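Student: This is a predicted model, with the sequence first.
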Amino acid sequence: MKDQNPASSVRSPYLVAWHVWSALFMREFVSRMTTDRFAPVWLFLQPVLHVVILVGVRDFIGSGRLIPGAEFIPWLVIGISTYIMFRTLWMQGMNAIQANKALFAYRQVHPADTVLVRCAMEAKLQSFVLMIMVFLFTGLGYDMIPDAPLEALEVLLAMSFIGLGMGLITSVLVSFFPESSKIVNLIAFPLYFLSGVILPIQFMPHGIQEYLLYNPLLHAVELIRAEFFSTYHPVRGVSLWYVYQWAICTVLFGLALHVKFKVRMVAQ
């Protein structure tokens with residue numbers, strides 16, 4: 001008989017992590033697409049309904065559609081789709097630990113794995129939704145093809161990392177205080193309006209703009225519109241580096257919380 005080398009049968013930690021992430025990704029994808037019979041349809045229908053409803057509301061209240069340097073509908077579609085991506089990553093990441101508690105019986109699965117994989121899956125799905133929206137509205141006659149696609153992708157990446165960071169942080173909070181998820185949802189609601197998704201920030205007084213610029217989501221929304229529409233002039237003072245600073249800080253802080261409270265989260 002040939003001698004068996006125990007060391008050759010031991011998987012490296014990186015290979016174990018890859019296998020865990022691959023299995024979690026497939027599990028999350030199947031779960032996301034089979035929640036109910038309308039789950040795949042709703043994934044694409046949600047941003048379309050957002051646009052239709054908001055356009056109707058603005059027409060009803062008599063607000064104009066004049067956006068300097070961009071058409072109103074494409075301008076609104078890009079802003080809504082970008083914010084929906086961030087919010088989806090945040091909320092789905094926040095609930096990832098609670099949804100996968102049974103998997104922590106396997107010592108290879110860590111709480112942070114569930115958040116990372118779920119956010120990665122949602123980022124891919126939402127990017128695909130954005131592509132569908134671009135082609136859909138382009139087919140309807142709107143100018144939706146980005147003038148700087150690689151730069152637009154970079155902004156989306158930064159926005160995704162902020163969503164991941166917020167998901168990591170709030171997932172720890174919700175693990176110990178489940179009721180806090182309601183507070184998080186309340187916080188996410190005003191951000192929708194404070195990020196320039198619906199109303200052009202350029203029309204607001206300069207004093208208000210200075211305070212709104214502390215919001216990194218506003219920077220991301222304005223920057224991605226500028227990458228889609230070459231004639232669009234974003235609010236003065238927006239910076240992609242500021243978005244990345246928030247992304248790096250939130251992700252590192254979220255990972256630090258997971259390292260510190262991992263044992264308590266698994267034991268619950």
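Tutor: Received, thanks.

Student: To what extent is A247 buried, counted in neighbours?
Tutor: Applying the criterion other Cβ atoms under 10 Å, we find 22 residues in the vicinity of A247. Using the backbone N, CA and C atoms, a C-beta is placed for each residue, glycine as well.

Student: you'd agree it is up against A158?
Tutor: Yes. The pair formed by A247 and A158 meets the contact definition of Cβ atoms under 8 Å, at 5.3 Å.

Student: mind listing what's buried in stretch 18-37?
Tutor: Counting neighbours by 16 or more other Cβ atoms under 10 Å, one finds that the buried residues in stretch 18-37 are 20-21, 23-25, 27-28, 32.

Student: Helices of the stretch 51-200 of the chain, start to end?
Tutor: Per DSSP state H, counting those that start in this stretch, the stretch 51-200 of the chain carries helices over the ranges 72-94, 96-99, 111-139, 149-176, 180-194.

Student: In terms of pLDDT, where does the spatially closest residue to V134 that is not a sequence neighbour sit?
Tutor: With Cβ to Cβ, 6 or more residues apart in numbering as the criterion, V134 has its nearest non-adjacent residue at 4.6 Å, and that residue is M144. M144 carries a pLDDT value of 86.

Student: mind listing what M144 touches?
Tutor: By Cβ atoms under 8 Å, 6 or more residues apart in numbering, the contact set of M144 is 74, 77-78, 133-135, 137-138, 228.

Student: can you rerun that using 6 Å?
Tutor: Contacts of M144 were listed using Cβ atoms under 6 Å, 6 or more residues apart in numbering, and they are 74, 134, 137-138.

Student: Count the neighbours of V48 for me.
Tutor: For V48, the neighbour count with other Cβ under 10 Å is 17.

Student: ok, now the one 3 residues further on?
Tutor: Other residues within reach of V51 by the criterion other Cβ under 10 Å amount to 18.

Student: Same question for G56.
Tutor: G56 sits with 10 neighbouring residues when counted by other Cβ under 10 Å.

Student: what's the distance between it and L153?
Tutor: Applying Cβ to Cβ, to the nearest Å, the value for G56 to L153 is 31 Å.

Student: now do Q126
Tutor: Applying Cβ to Cβ to Q126 and L153 gives a distance of 13 Å.

Student: Would you mind telling me which of the two has more residues around it?
Tutor: When Q126 and L153 are compared on other Cβ under 10 Å, the one with more neighbours turns out to be Q126, at 25 against 14.
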